[in-house]
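# Here is a sequence together with a model predicted from it:
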Amino acid sequence: MCAIVGIYGNENAARLASLALFSMQHRGQEATGISSSCNGKIYTKKDRGLVSEVFTDEALSYLKGNMAIGHNRYSTAGGDSILDAQPVFAKYKLGEISIVHNGNLINKNEVRKDLIDNGAIFQTGMDTENLIHLIAKNTKDRLRDRIKEALTKTIGAYCFIVQSRSKQFVIRDRYGIRPLSLGKIKSGGYIVASETCAFDLVDAEFIRDVNPGEMLIFSEKTDEIESIQLFEPEFRPCAFEYVYFARPDSVIDGKNVYQTRQNMGRTLARNDAKKDFKADIVIPVPDSGVPAALGYASESKIPFELGIIRNHYVGRTFIEPTQEMRNIKVKMKLSPMKSLIEGKSLLVIDDSIVRGTTSKRIVKMLKDAGAKEVHFRVASPEIKFPCYYGIDTPTQEELISHRMTKDEICEYIQADSLEYLSIEDLKNSIGSDRNYALESFDGDYFVTK
Ligand code: AMP
């Protein structure tokens, strides 16, 4: 998960980076940080907490310069200490360097062991620190060559932005698993960000997505952005970005996230049309099920109602690490609209079932509020495999679809019926014109380089 941003060539670089991070807060709420560069020096400010808490006016005035990189952290690798917040900063032979990373390196343990065996000292649990060491140990004269060689030893899903004292290097892995887009800021300079929703807030125009396997270089010496194709592309963007993770107003690799979610809902409705039941109302689990429920309602002509109200002052249910806290948080977060629900047959839509905590609690809540029937629909296939490419899914044992069949889950969550999208349905809903990373659904761990 996580969000990254780079701003290049704008005198308000750090401020714009903080705005971009603010609009990508959904990608990580644990910690946030920005490094700026000014007159040959890198300034870094990072802390646990939300963007609006960490980047006060005082913090931003410290971050001088016309280039900045930033990060929102959602812990997938490493721990949750402040040491694991990004950017990761270091001094080495060629000067100062700072790195932000979104994704997950699957060979990080082997690389780290090798580095430690050769005398490296690590300060954090993050795979990002490997890259710093690989760059520092390399003997090439130019940073770009050091980065290139470091990446030949790096296997996994990644988007990196490396900032030196005067340049920024932007890299997306050869599979393009995690999203990364390039835009032009109207007040000057460029932005690179995990999601295009960041462009609106800094008033930037979308130029294009960073290509899989591509390195972009921003340098003071030239107005042109340099592009080097480091690796042969084997494009496999992550399907879960469309299912859950990205903000609906983002466009990822040319596909509007909101529309893909509506398509997922429409497909669920078309699948249900073959059956002989019809619910009275369609209800989304807010907020993640809303676009799919709208799609379902418009396809099935069943009225859409906000039958569950969300309290927006509670964070995401996943954020709390223990099961007990997650249970309480679901209760604090969602309440039923009794007057809408009583005596009705409900078609309830959420984007995914992971452990089954949320869906079980929701069905009970709706039945307690007087629902006659609750038919649960999931706008994604069954999640049977953990993701090692940067989405925070739990261990395989915790995944309810790993342990139970669809019918067993239906009984467990006490729904009157339960349906998912098939993997084919999901691909067609996003767009059948390309291959996706679907490992959470099909166990195809295709990343080998
Ligand atoms: P669970 O209660 O474990 O079945 O989780 C399902 C809920 O968590 C759904 O409402 C999803 O919107 C949400 N969700 C799915 N994947 C993730 C994730 N990786 N991080 C946070 N929330 C998620």
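All right, it came through fine.
# Now do the same contact list for I252.
179, 181, 195-196, 237, 241-242, 246 (CB atoms under 8 Å, 6 or more residues apart in numbering). The way it works is simple: take the backbone N, C-alpha and C, and place the C-beta from them, glycine included.
# Next: H26.
Contacts of H26 (CB under 8 Å, 6+ apart): 245, 247.
# Can you give me the pLDDT of it?
H26 carries a pLDDT value of 94.
# Assign a three-state SS to it, would you?
helix (DSSP: H, G, I helix; E, B strand; the rest coil).
# Adjust the sequence numbering to begin at 56 for everything that follows.
Shifting the count to begin at 56 puts that one at H81.
# any low-confidence regions in the stretch 306-455 of the chain?
370-378, 380-382, 384-385 (pLDDT under 70).
# In the stretch 156-305 of the chain, what residue comes closest to the ligand?
Y299 (4.9 Å; CB to the nearest ligand atom).
# Run a quick neighbour tally on the residue lying closest to that residue once chain neighbours are set aside.
Leaving aside its sequence neighbours, Y299 sits nearest to D406 (CB to CB, 6 or more residues apart in numbering; 4.7 Å). Close neighbours of D406, defined as other CB atoms under 10 Å, add up to 24.
# D406 and V345 touch, don't they?
No. In this structure D406 lies outside contact range of V345 using CB atoms under 8 Å: 9.3 Å.
# Beyond the longest helix along the chain, next helix or strand please.
Criterion DSSP state H: the longest helix present in the chain is helix 312-328. Following helix 312-328 in sequence order, the next helix or strand is strand 336-339 (DSSP states H and E).
# so what's the residue nearest to K399 when sequence neighbours are not counted up against?
Nearest non-adjacent residue to K399, counting by CB to CB, 6+ apart: D335, 4.3 Å away. Taking CB under 8 Å, 6+ apart, we find D335 in contact with 357-358, 399-401.
# Whichever of those residues end up buried, select them in ChimeraX.
Of those, the buried ones go into a single ChimeraX selection, burial set by 16 or more other CB atoms under 10 Å:
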select :357,399,400,401
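# ok, of the contacts of D335, which one's closest to I478?
Nearest to I478 among those is I357, at 25.6 Å by CB to CB.
# you'd agree that closest one is up against K333?
Yes. Applying CB under 8 Å, one finds I357 in contact with K333, separated by 6.8 Å.
# May I see the buried residues of the longest helix of the chain?
Result for helix 312-328 [16+ other CB under 10 Å]: buried residues 312-324, 327.
# Distance to the ligand for those - can I get that in a markdown table?
Formatted as a markdown table, the buried residues of helix 312-328 follow (distance: CB to the nearest ligand atom, whole Å):
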| residue | distance to the ligand |
| --- | --- |
| V312 | 14 |
| Y313 | 15 |
| Q314 | 18 |
| T315 | 15 |
| R316 | 11 |
| Q317 | 16 |
| N318 | 17 |
| M319 | 13 |
| G320 | 14 |
| R321 | 19 |
| T322 | 18 |
| L323 | 15 |
| A324 | 19 |
| D327 | 20 |
